[in-house]
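Visitor: structural data only, the sequence is not supplied:
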């Protein structure tokens, strides 16, 4: 835009308005790009792959949308040292009480506010771009919500969790309680309630019993399939299969802090799980299982293919299907350091001892 352009039509801005608009535009473009980079990094290193990719696209789309803006006018208008807002800071702007969730919240607000300012500048100086900036602003609302909700989930726990046990509701409830307490004390990280035959009310009673038995121990409880029971029992999370509720559907039901795991049987399903925002995945079946019948087995070859993909995405991946102390070495050799077991612990004559054996094997790696 040149000086003559400011006066080309009756509605063109004056030179003073153009200078003010470019100064506001330059400052808010910088703010938006800084906020986007911060949010993208939080999503990336918080292992929220889908959100990180979406932020990256917003960043590039914003750059493309403003490519027609006069870059020289933006630079000429810049006066960072003379900006009266540079020193007008509140003490709260230098504090982050809730670690990186507060960082994300502050960056999200900066992004939305700066996009609104850019939109208003566009309406005056570059009307053809105003609608595109508005569209980017609305996209940022959903993205910011996805990031803030994702950061509330305890992904740090999942990164360190190695031993995951499937428990059914077959034993009498007092025996069930004793068994849950025993394996939780022995070092099981995750316990999934997997029950296909009992009524919902009975499964809920067993689940609440398990949560009570775990008490203050580190172990966390996962509900299989039933988002409604996960919600009612306040379980740590939910596990779904390829034909169950989708992750997006389950998120609409569960509290924001709930983790959601997904069963995968192929490399393509792992890549899809990463994009869908799964908090962890189960990979298998690896071996024949005494607790569940399978039509086919992904096997150890699948584990060898899956391990580097999951590792690169920082997505906790658990080998599942017929794993016990006699074949765990093969799973470890395939690159997996996390396992899901069923009868190897849950139906063992001495569940505590079985837990100790598997835990010690995993901890040696």
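Guide: Perfect, I can see it now. Everything numeric in this text was worked out from a predicted model, so none of it was measured.

Visitor: can you pull the buried residues of the helix-or-strand element of the chain with minimal mean pLDDT?
Guide: Sorting the helices and strands of the chain by mean pLDDT, DSSP states H and E puts helix 155-160 at the bottom, at a mean of 86. Neighbour counts using 16 or more other C-beta atoms under 10 Å place 155, 157-158 of helix 155-160 among the buried residues. For glycine as for every other residue, the C-beta is placed from the backbone atoms N, C-alpha and C.

Visitor: do stretch 239-258 as well
Guide: Quick answer for stretch 239-258 (16+ other C-beta under 10 Å): 239-240, 244-245, 247, 250-251, 254, 258.

Visitor: same check on stretch 38-52?
Guide: Result for stretch 38-52 [16+ other C-beta under 10 Å]: buried residues 38-44, 46-52.

Visitor: ok, and what's touching it?
Guide: For stretch 38-52, contacts defined as C-beta atoms under 8 Å, 6 or more residues apart in numbering pick out 55-56, 59, 100, 103-104, 107-108, 111, 143-144, 146-147, 150-151, 155, 274-277, 313-315.

Visitor: which among these end up buried?
Guide: When the contacts of stretch 38-52 are checked for burial by 16+ other C-beta under 10 Å, the buried set is 55-56, 59, 103-104, 107-108, 111, 143-144, 146-147, 150-151, 155, 274, 276-277, 313, 315.

Visitor: for stretch 189-204, give the mean pLDDT please.
Guide: For stretch 189-204, the mean per-residue pLDDT is 96.

Visitor: residues near the closest residue in space to residue 308 that isn't next to it in sequence, how many?
Guide: Using C-beta to C-beta, 6 or more residues apart in numbering and skipping residues adjacent in sequence, the residue nearest residue 308 is residue 335, 7.1 Å away. When neighbours are counted by other C-beta atoms under 10 Å, residue 335 registers 17.

Visitor: quick one: residue 335 is in a helix?
Guide: No: using DSSP: H, G, I helix; E, B strand; the rest coil, the assignment for residue 335 is coil, not a helix.

Visitor: quick check: the gap between it and residue 56.
Guide: To residue 56, residue 335 is 28 Å away according to C-beta to C-beta, to the nearest Å.

Visitor: list the buried residues of the lengthiest helix in the chain.
Guide: When the chain is parsed with DSSP state H, its longest helix is helix 15-45. For helix 15-45, burial by neighbour count (16+ other C-beta under 10 Å) applies to 18, 20-29, 31-32, 35-36, 38-44.

Visitor: on that earlier part again, counting only helices, which of the buried ones among the contacts of stretch 38-52 make the cut?
Guide: Among the buried ones among the contacts of stretch 38-52, the members falling in helices (DSSP H) are 55-56, 59, 103-104, 107-108, 111, 143-144, 146-147, 150-151, 155, 274, 276.

Visitor: ok so, going back, any idea how far the least confident helix or strand of the chain is from the chain center?
Guide: Helix 155-160 sits 12 Å away from the centroid of its parent chain (C-alpha atoms, centre = their mean, to the nearest Å).

Visitor: which residues touch that helix?
Guide: The contact list for helix 155-160, computed with C-beta under 8 Å, 6+ apart, reads 46-47, 189, 220, 259, 279-280, 314, 316.

Visitor: just the strands in the chain please.
Guide: 163-167, 190-193, 220-224, 237-240, 259-264, 280-283, 317-320, 339-341 (DSSP state E).
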